[in-house]
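1. need the 3D shape of this:
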Amino acid sequence: MAWRSGQSYSQDLRDRVLAAVDSGKSAYEVAPLFQVSVSYIYKAQGRRRATGETTARPRPGRPGQKLAAHLEALQAQIKAEPDATLAELRAWVLAELGVSISIGGLWNTLERLELSLKKRVRMRPNRNGPT
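-> Residues are numbered from 1 along each chain as shown. Alright, predicted model coming up:
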């Protein structure tokens with residue numbers, strides 16, 4: 001598998017590049033040898049000098065789901081009160097579970113769980129026209 005943009009170099013490659021530079025070779029000699037950029041080598045050396053770190057830092061991404069640990073309780077609450085509004089569910093989540101979540105976040109969680117909050121009971125289609 002080749003390296004792709006936005007992807008961290010492997011720890012093995014990081015160690016080999018820094019070891020080659022530490023052995024006395026210049027960054028311009030090492031870069032084509034390991035197929036990395038010269039600026040990467042200088043940045044890795046500077047970071048090691050400043051903080052002592054040689055490992056890749058975790059990449060920022062989306063935060064985890066706030067209600068991931070409480071999905072069963074949320075499903076049970078919706079089963080107990082199927083006609084609750086999003087605002088009512090949000091208030092229940094804050095009071096019972098102690099989690100503050102936006103209405104949009106709650107909506108996305110319910111959509112992921114494939115739970116419907118429709119208040120209207122299924123009816124026969126209107127004979128006069130579409131509703």
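2. residue 31 touches residue 25, doesn't it?
-> No - using Cβ atoms under 8 Å, residue 31 makes no contact with residue 25, being 9.9 Å away. Any C-beta I mention is one placed from the backbone N, CA and C, and that applies to glycine too.
3. which of those two has more neighbours?
-> residue 31 (20 against 13; other Cβ atoms under 10 Å).
4. tell me the contacts of residue 67?
-> Going by Cβ atoms under 8 Å, 6 or more residues apart in numbering, residue 67 touches 74, 93, 97, 99, 101, 105-106, 109.
5. flag the shaky bits of the chain, pLDDT-wise.
-> The model of the chain has pLDDT under 70 over residues 1-4, 117-126, 129-131.
6. packing partners for the lengthiest helix in it?
-> With residue count as the measure and DSSP state H as the assignment, the chain has helix 38-51 as its longest helix. On a contact count with 3 or more Cβ pairs under 8 Å, 6 or more residues apart in numbering; DSSP states H and E, helix 38-51 meets helix 11-22, helix 27-34.
7. quick one: buried residues of that helix?
-> Applying a neighbour-count criterion of 16 or more other Cβ atoms under 10 Å, one finds 41, 44-45 buried in helix 38-51.
8. got it, and stretch 30-39?
-> Of the residues in stretch 30-39, those with enough neighbours to count as buried (16+ other Cβ under 10 Å) are 30-31, 36.
9. secondary structure and distance to residue 86 added to the contacts of residue 67, as a markdown table?
-> Formatted as a markdown table, the entries for those read as follows, by DSSP: H, G, I helix; E, B strand; the rest coil; distance: Cβ to Cβ, whole Å:
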| residue | secondary structure | distance to residue 86 |
| --- | --- | --- |
| 74 | helix | 12 |
| 93 | helix | 10 |
| 97 | helix | 15 |
| 99 | coil | 14 |
| 101 | coil | 10 |
| 105 | helix | 10 |
| 106 | helix | 6 |
| 109 | helix | 11 |
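10. go through the buried residues of helix 38-51 and name the one nearest residue 87.
-> Nearest to residue 87 among the buried residues of helix 38-51: residue 44, at 50.9 Å, using Cβ to Cβ.
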